[in-house]
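Peer 1: Curious how this folds, go ahead:
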Amino acid sequence: MTTQKMTIAKALNAGMRKAMEDDPKVVLMGEDVGKLGGVFRVTEHLQKDFGEHRVVDTPLAESGILGTAVGMALRGYRPVVEIQFDGFVYPAFDQIVSQVAKMHYRSLGKIRLPLVIRIPYGGGIGAVEHHSESNEAYFAHTAGLRVVTCATPEDAYWMMQQAVASDDPVVFYEPKRRYHERGFIELGEAAPYELHEAVVRREGTDVTLLTYGPMVKVSLAAAQAAELEDGPDVEVVDLRSLSPLDLDVITASVAKTGRCVVVNEAQTFLGMSSELAALVQQECFYHLEAPVLRVGGYNIPYPPSRHEEHFLPDLDRVLHAVDAALAY
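Peer 2: Next up, the predicted model:
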């Protein structure tokens, strides 16, 4: 077993490379994923090494990309398609919710669609409209899809391979503002966690932070800041999978601490945080010492880049929610 240090972007690239080496039916598709290597260079050098027949530069037509991927998956391929930015997925929305999510059920279980839909998501990069959205709740709400998101290079490397190997369609959210953050990866024979397994990133006794994707780093920073001020001992749970949810890890943590704050970047209204709050109060009602609180974006369209620092949840907003939970 060897250990390497790399960024999340490089880890995703390495995960796709390994999947393509292991299975000649794995094909990458998307806008500028080939010669350019993607706008974030996540697919850099893969077309050079595997050829244009396996790393395909597509037209600027998300519905066409997904429709083509459905046909290829039906014919035995394992397409990995990139939606260049989160807000560009909507032209493909009908294909994803009407075709990708339902094919297995429509065929009474006789047909599988093994495809991965990569979506860089979230804000914090100073981008223009339609480039900074957190629309994961749409697809987590859609039965028939698996929805996951990585927060570390190690997860990026292993979860990408697990998603490609899945016989079910997987929507793979990548926190774009974390692409260049580095970490260590154990390049062994098996992944350290299952694809849909939540992980306790920091042990604590007083409050549970349920979080995922770009907010894992913020939540860990808040937990550390609380500790430095002799404050509460905060536990941080990285969900990793949004559909299905790992209820065992979630409920075990909240039952231990008695308090829960859900932290995500998306708007809180009718989002992932709403579902998590409902599940926690349903499953952990008699353990709770305070209401389940939520920290997220405001219920407005994503603002212009000069205002995004006011929209995005930060350390102070997380700590304020922790203090509020402890005040009960």
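
Peer 1: switch to C-alpha atoms for all contacts and neighbour counts from now on
Peer 2: Fine.

Peer 1: all helices for the stretch 1-150 of the chain, in order.
Peer 2: 8-22, 46-50, 62-74, 93-94, 103-106, 136-140 (DSSP state H, counting those that start in this stretch).

Peer 1: want to try a markdown table for those, with distance to Tyr179 as columns?
Peer 2: Below are the helices of the stretch 1-150 of the chain laid out as a markdown table (distance: least, C-alpha to C-alpha, whole Å):
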| stretch | distance to Tyr179 |
| --- | --- |
| helix 8-22 | 5 |
| helix 46-50 | 18 |
| helix 62-74 | 23 |
| helix 93-94 | 25 |
| helix 103-106 | 32 |
| helix 136-140 | 18 |
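
Peer 1: Nearest approach to Phe85 belongs to which of these?
Peer 2: Closest approach to Phe85 among those is made by helix 62-74 (10.8 Å; C-alpha to C-alpha).

Peer 1: Report all helices and strands that the closest one contacts.
Peer 2: Under the contact criterion of 3 or more C-alpha pairs under 8 Å, 6 or more residues apart in numbering; DSSP states H and E, helix 62-74 touches strand 78-82.

Peer 1: Can you check what angle separates the strand it packs on from helix 8-22?
Peer 2: Per axes from the mean of the first three to the mean of the last three C-alpha atoms, to 10 degrees, the angle that strand 78-82 makes with helix 8-22 is 160 degrees.

Peer 1: And the contacts of strand 78-82?
Peer 2: For strand 78-82, the external contacting residues (C-alpha atoms under 8 Å, 6 or more residues apart in numbering) are 25-31, 33, 65-66, 69, 72-73, 114-119, 164.

Peer 1: ok, back up a step: among the helices of the stretch 1-150 of the chain, single out whichever gets nearest to Thr257.
Peer 2: Proximity to Thr257 (C-alpha to C-alpha) singles out helix 136-140 among the helices of the stretch 1-150 of the chain, at 26.5 Å.

Peer 1: Just give me how far the closest one sits from the chain centre.
Peer 2: Offset of helix 136-140 from its chain centre (C-alpha atoms, centre = their mean, to the nearest Å): 10 Å.

Peer 1: Extract the CA atoms of it and return them as PDB.
Peer 2: Extracted in PDB, the C-alpha atoms of helix 136-140 (Å, rounded to 0.1, in the frame of the first residue of the first chain):
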ATOM      1  CA  GLU A 136     -28.500  18.500  -4.900                       C
ATOM      2  CA  ALA A 137     -31.900  18.400  -3.300                       C
ATOM      3  CA  TYR A 138     -33.600  18.100  -6.700                       C
ATOM      4  CA  PHE A 139     -31.800  14.800  -7.400                       C
ATOM      5  CA  ALA A 140     -31.800  13.400  -3.800                       C
END
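
Peer 1: dump the residue contacts of the closest residue to His53 other than its chain neighbours.
Peer 2: Spatial nearest neighbour of His53, chain neighbours left out: Val27 (7.9 Å); criterion: C-alpha to C-alpha, 6 or more residues apart in numbering. By C-alpha under 8 Å, 6+ apart, Val27 lies in contact with 20, 53-56, 77-80.

Peer 1: Repeat that for Asp57.
Peer 2: Going by C-alpha under 8 Å, 6+ apart, Asp57 touches 29-35.

Peer 1: Can you show me the helices along the stretch 201-328 of the chain?
Peer 2: Using DSSP H, counting those that start in this stretch, helices in the stretch 201-328 of the chain cover 215-228, 247-257, 272-283, 308-311, 315-326.

Peer 1: Out of those helices, flag the one nearest Ile125.
Peer 2: Ile125 sits nearest to helix 308-311 of all these, at 9.2 Å, using C-alpha to C-alpha.

Peer 1: Check which helices and strands the closest one is in contact with.
Peer 2: Counting by 3+ C-alpha pairs under 8 Å, 6+ apart, helix 308-311 packs on no helix or strand.

Peer 1: from the chain's centre, how far out does it sit?
Peer 2: In terms of C-alpha atoms, centre = their mean, the centre of helix 308-311 is set 21 Å apart from its chain centre.

Peer 1: picking up where we left off before, could you measure from the residue nearest to His53 over to Val318?
Peer 2: Distance from Val27 to Val318, counting by C-alpha to C-alpha, to the nearest Å: 41 Å.

Peer 1: Kindly report the same for Gln84.
Peer 2: 30 Å.

Peer 1: Could you pull up the contacting residues of the residue nearest to Ala14 when sequence neighbours are not counted?
Peer 2: Leaving aside its chain neighbours, Ala14 sits nearest to Tyr157 (6.4 Å; criterion: C-alpha to C-alpha, 6+ apart). Residues in contact with Tyr157 (C-alpha under 8 Å, 6+ apart) are 8, 11-16, 185.
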